Structure formats: C-alpha cells, structure tokens
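[1] Here's a sequence, model it:
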Amino acid sequence: MSPITTPLPKLVRILVGVLCVAIATSALAIIVIAAALAHSPAWILIGFESVVVISAICGVLFCFNRFQEGQGLALLCTAGTVAFAAFCVWLSLANHEMILDPSKPGVSFTPIALARIAAGVLLAIIASYAVLRRDPRRSGGLLIRGVIALIPVGAVLIVAVLFPTTARNAMSVMPGWLGATLAFVGGIVVLTLLSVGLHCIIRAFEAGRLETPDGSVTGTDPPLASKPAT
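    Modelled structure (predicted):
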C-alpha cells in the first residue's frame, strides 16, 4: 500500500467510529421524537437529521476501511455535513427550540448543535491528519507557518465579533486621520497575513500528494501489473 491508502491508526479509527455512532444515535432519536412524539411532525428537522444519519453511517463504514481512496476528503465530507446540518437546524427552529407540545416549554437545540459542531471540528482535524501525515516534514513546517500567520487574523475577528462596541469606542477617541490610517494599514496587514496563512496551509496539504513516476498525481495505489498469459 502507498502511504496515502494506508489505514489510519486503530485508535484514530475507533475515535471516528465512536463519534459517528453517537451522532447517528442522537439523530435517530431526534427523528423519532420529531415524527412520533411531537404535536405535529417537524419535517425540516426530520430531513436534516436523516442527512446526518446517512453521513454518520458513511463515517462508520470508513472505520472498516471503506472510502480509503480519499481518506481526508471522506472524513471532511462527513464533518462538514454534520456541522452544517446542525447549524441549519439551529437556525430553522423558532427560538432554537424543539417544540414537542405547544402548551409546554420547548427543548433547546443549542447544546445539541454545539456538540455536533464540536464533533464535526474533531472529524475535520482527523481528516487533516490523514492528509498531513503523508509527508510530515514538509507539511508540518508549512502548517505551523500558516497557523502563526492566521493567529493575528483570528484575534482581530474575535475582537470585531465579540467586542464591537469596545473597538468602535477605541477608534472614536482617535483623531480622524489617525483612525483612518490605522484602519487602512491594519486592513492591509490582516489581508496579507490571511493570504500568507492560507497559502501555507494549502501548500501543507499539497505536500501530501503522491506523484507517480510519470509525474502525474494520484491518491491511490498504482495498478498492479497484469500477469502474462500462459
């Protein structure tokens, strides 16, 4: 086997399996509740949770060495589906609650959504590991440089999202020309760091590609030579 199609370590596959089984179980429980126990069937909830079940089953099959031609992509699809479906359900529910009985308080979907998103992030990290482990010397250095470049960008985003009032107040006490200059220079620095960080991270993943003797790139083992006819 090539390094690309070598199965992930057993403990990693067990972790993926446990996560996907837990996700599928919770989604099936929500489907039953939304279809049979709720005052009226919540079809949006049932639809999204059905997609989650199918995606989680694919993750379980991955643990049994299925979908090994593209390990990172297979896990990333499962991770993205689980996290995005949780976010969509959270947005679609009134007050982010599952209403089982109109005469009683609803059940908050927020903890479930946060747990699903966390599981999706963990699966995405494992998907990244599946790719980056192919050439750790090249991928590791590029990944570290990319993360270092993106740390200031993340800090700026956190301040802008969580403390917008504080940021506006700090800018308002500055002279107009100083605030405009800082915003202009800061914007250029942030965009530059964002470009450098993403470039390094993309290069880190590209380092995991396998080149065949003819120079082409593949994600699978080379075909076996056919036996001569006897």
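[2] Okay, strands next: where are they in the chain?
    Using DSSP state E, the strands assigned to the chain run over residues 97-98, 107-108, 210-211, 217-218.
[3] And the average pLDDT for the last one is what?
    I take that to be strand 217-218. In this model, strand 217-218 has an average pLDDT of 49.
[4] Ok, the third one next?
    In this model, strand 210-211 carries a mean pLDDT of 54.
[5] domains for the chain, by residue range?
    The record's domain parsing of the chain by automatic domain parsing lists 1-134, 137-207.
[6] Include mean pLDDT when you put these into JSON lines, please.
    JSON lines is the format used below for the domains of the chain (pLDDT from 0 to 100):
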{"stretch": "domain 1-134", "mean pLDDT": "84"}
{"stretch": "domain 137-207", "mean pLDDT": "85"}
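[7] most packed of those?
    Among the domains of the chain, domain 1-134 has the highest mean neighbour count (mean count of other Cβ atoms under 10 Å), at a mean of 17. Backbone N, C-alpha and C define where each C-beta goes, glycine included.
[8] these two touch, right, residue 48 and residue 85?
    Yes - Residue 48 lies in contact with residue 85 (Cβ atoms under 8 Å); the separation is 4.7 Å.
[9] Which helix runs longest in the chain?
    Criterion DSSP state H: the longest helix present in the chain is helix 176-206.
[10] so what secondary structure elements neighbour that helix?
    helix 110-132, helix 136-162, helix 164-172 (3 or more Cβ pairs under 8 Å, 6 or more residues apart in numbering; DSSP states H and E).
[11] And for residue 135, the neighbour number?
    The tally of other residues near residue 135 (other Cβ atoms under 10 Å) stands at 17.
[12] That one reaches residue 206, doesn't it?
    No - assessed by Cβ under 8 Å, residue 135 is found out of contact with residue 206, at 9.7 Å.
[13] Distance check, residue 74 against residue 138.
    In this view, residue 74 and residue 138 are 23 Å apart by Cβ to Cβ, to the nearest Å.
[14] ok so, going back, between the helices and strands packed on helix 176-206, which gets nearest to residue 197?
    helix 136-162 (3.6 Å; Cβ to Cβ).
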